[in-house]
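Participant: pasting a predicted model and its sequence here:
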Amino acid sequence: MLAYALRRVLLSVPILIASTFVVFVITALSKSPISDLRAKNPPPPERTIELERQRLNLDQPLLERYWNWLLGLFRGDFGPSVQSRMDIGAEVVDRFIVTFRLIGLAMLVALVLAIIVGVISAVKQYSGVDYTSTFLGFLFLSLPSFWFAILLKQAGISFNNAVGEQVLFTIGDSSVYVTGGTWAEFTDALGHMVLPTISLALLSFAAWSRFQRASMLEVLNSDYVRLARAKGLRRGTVMRKHALRTALIPLTTVTALDLGAIISGAVVTEKVFQWQGAGTFLLDAIERSDVYAVQAWLLVSATFIILFNLAADLLYGVLDPRIRYA
Amino acid sequence: MPDATETQQSSPLTGQPSETSPAGQPEREFTVPERSQTQMILRRFLQHKLAVASLFVLLGVVLVAFVGGALWKYSYVDITADESVPPSWEHPFGTDAVGHDSFAQVLRGTQLSLGVAVLVALFSTIVGTVWGSIAGYYRGWLDTVMMRIADLVLTLPLLAVAAVLGHNVGGSWWLIAVVIAGLYWAYVARVARGVVLSLREKEFIEASKALGASDMRIILRHLVPNSLGAVIVNATILVAIAILIETALSFLGFGVQPPDTSLGLLVSNAQTAVSTRPWLFYFPGLFIIIIALTINFIGDGLRDAFDPKQTKVRE
């Protein structure tokens, strides 16, 4: 197990490096920031453009640029930004902290709800609850997330108007000025998180609850559950100790595989709710053709996706003793 | 209980109806007209009421979008004299602040969004299936290399990379489809590999190998027909996924570019007008939901038709 874990960790390093190279080529082939500079009116002097080219390392060939960027990473240098005063490393870390608050809570909410709904609709198969949750699952899977987020935002505004007080915040990740200490800051951040969390959690919830239902049904129809019932164990005990525990295992893999989609979803959610998070950082960077900033964003998210999948793989081995790693 | 009826269903792989008569009795006591594989799949699909209804709704939407879009008195670029009018007979979906007829724009958006989605499904299904099948069939180092490449693509958050690429290709709808498919095929490859991995261990493959069949023959005569069901179901659902990706991409501003329009772009333009001019916001959103929902239901029906082992009890 330990040897397997070690091998997997070592194997993910080349994947990560290869992934950064692919991304580097993709972003380097994108629109050059110099062309934006040239398009300015009045056009800046040729000397300025040349200096900017050198500052952004655009005078170097692609492979050399990549190599220097990779070496720079070990010194904590993420490369120069189009905005000369921005430190990409510090900025991207700040932004991702905000985003992971959202992603973490959304995943937690989606997981808990998905397990509850999935298990109930499996246990009560073909009941009204099952049909309703199946239909809602299909509906949520077909909802465009951005459309639903805007709708939620609108609902939040109407709710605030109805209550006559700002309870649900619809813009930003926190208020600019909060008075009243840590507790007030905490409730303020929470108030900002309610609507974005719902809109981000919904999609994963729909997919995961369908998955959990299928996995629970499979376990319920298995021989060992029938045996447990046949030998006289109570239904509740069988459900909790025999069926549910086994049925939860496959969900770990699915959750890990979906992290990429959730990060993508967070980009949309942040855009709608105007969060100063990693998603809007990426969108701004793309808009400005800020190659190194885009690169930093993709590096951080790819690292997280790889680590998360690794953790899920290892966890799977711990949870399911049938799996043996050679 | 469901499992009692499930065992009576025929297997899609063998295509032979499993006789439920107890052992010892002669088979085919009553003559039942023989049905081909395709006929049985069709019959099972037609029994799925929701899927059939969805198919009709979807066909209706496609017809309205492509035929209606061509016949409608306004084009999506026409600027009418009416600005910001709510839905009426003259403008069924109202107009925007400039005077564009919203109905014409939604139809145009539906055409483009559907076009992108179908292309994405087509491209990534073809590439992904071929990729995954080769990896799964030949195993060994080829499998390792090919699946590592697919894993590499899977480590990239799709929408983000599509946004970066979409920023470059500049809004042409089929290029957007190529970008999305270029990132999505890896998911299909994984599924296809899984199907082929389990198929290649089956006895009938072993039998045809023993009979001296070539790799080409096994792939074309046995693997492809047997994995076709899974591939078709996946491709169908992929259309629904692709339409959501394309609209999200256009919403973020990296997909279809104005003056052309997509359902995502229409929602994006209307996001500040939800309370003042709700028709601009609700109609494009509704079209996305109807398309994605009906395709998902059709996919569900097809899954049941191709693989009755997973189906519910039928009355």
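Facilitator: On my side now, so go ahead. Quick caveat: nothing in here was measured; it's all calculated off a predicted structure.
Participant: just checking, B:Ala81 touches B:Asp101?
Facilitator: No. The criterion here is C-beta atoms under 8 Å, and B:Ala81 misses it with B:Asp101 at 10.9 Å. To be clear about C-beta, it is placed using only N, CA and C from the backbone, and glycine gets the same treatment.
Participant: more neighbours: which of those two?
Facilitator: The neighbour comparison of B:Ala81 against B:Asp101 (other C-beta atoms under 10 Å in any protein chain shown) goes to B:Asp101, with 26 against 7.
Participant: thought the more buried one was touching B:Glu83?
Facilitator: No. Judged on C-beta under 8 Å, B:Asp101 makes no contact with B:Glu83 at a distance of 11.2 Å.
Participant: how about the contacts made by B:Gly264?
Facilitator: A:144, A:146, B:109, B:113, B:246-251, B:255-256, B:284, B:288 (C-beta atoms under 8 Å, 6 or more residues apart in numbering or on different chains).
Participant: by neighbours, which of the residues you listed wins?
Facilitator: For the contacts of B:Gly264, counting by other C-beta under 10 Å, the largest number of neighbours falls to B:Thr247: 34 neighbours.
Participant: now it: which helix or strand?
Facilitator: For B:Thr247, the host element (DSSP states H and E) is helix B:224-252.
Participant: ok, back up a step: make TSV from the contacts of B:Gly264 and add pLDDT to it.
Facilitator: Converted to TSV, these look like this (pLDDT from 0 to 100):
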residue	pLDDT
A:Pro144	90
A:Phe146	90
B:Gly109	88
B:Ser113	88
B:Glu246	89
B:Thr247	90
B:Ala248	91
B:Leu249	89
B:Ser250	88
B:Phe251	89
B:Gly255	82
B:Val256	83
B:Pro284	89
B:Ile288	92
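Participant: from those, which is closest to A:Thr20?
Facilitator: Proximity of these to A:Thr20 was ranked by C-beta to C-beta; the top entry is B:Leu249 with 23.0 Å.
Participant: show me what contacts that closest one?
Facilitator: Residues near B:Leu249 by C-beta under 8 Å, 6+ apart: B:Leu159, B:Ala162, B:Ala163, B:Gly166, B:Ile176, B:Ile180, B:Gly255, B:Gly264.
Participant: mind redoing it with 7 Å?
Facilitator: Residues near B:Leu249 by C-beta atoms under 7 Å, 6 or more residues apart in numbering or on different chains: B:Leu159, B:Ala162, B:Ala163, B:Gly166, B:Ile176, B:Gly255, B:Gly264.
Participant: what of A:Leu227?
Facilitator: With C-beta under 7 Å, 6+ apart, A:Leu227 has no contacts at all.
Participant: quick one on the thing from earlier: out of the contacts of B:Leu249, which is nearest to chain A?
Facilitator: Taking C-beta to the nearest C-beta as the measure, chain A lies nearest B:Leu159 of those, at 3.4 Å.
Participant: thought B:Ala248 was touching that closest one, still the case?
Facilitator: Yes. Using C-beta atoms under 7 Å, B:Leu159 makes contact with B:Ala248 at a distance of 6.1 Å.
Participant: need the pLDDT of residue 53.
Facilitator: Reading this off chain A. A:Arg53 is assigned a predicted lDDT (pLDDT) of 75.
Participant: correction: the question concerned chain B.
Facilitator: We have a pLDDT of 92 for B:Ala53.
Participant: what of the one 10 residues further on?
Facilitator: As predicted, B:Leu63 sits at a pLDDT of 90.
Participant: in which helix or strand does it reside?
Facilitator: According to DSSP H and E, B:Leu63 maps onto helix B:49-63.
Participant: now do the phi/psi pair for B:Thr95.
Facilitator: When read as degrees, to the nearest 10, the backbone of B:Thr95 gives phi -130, psi 160.
Participant: could you point out which element follows the helix or strand harbouring A:Thr246?
Facilitator: Assigned by DSSP H and E, A:Thr246 falls within helix A:245-257. Under the assignment DSSP H and E, the closest C-terminal helix or strand after helix A:245-257 is helix A:259-273.
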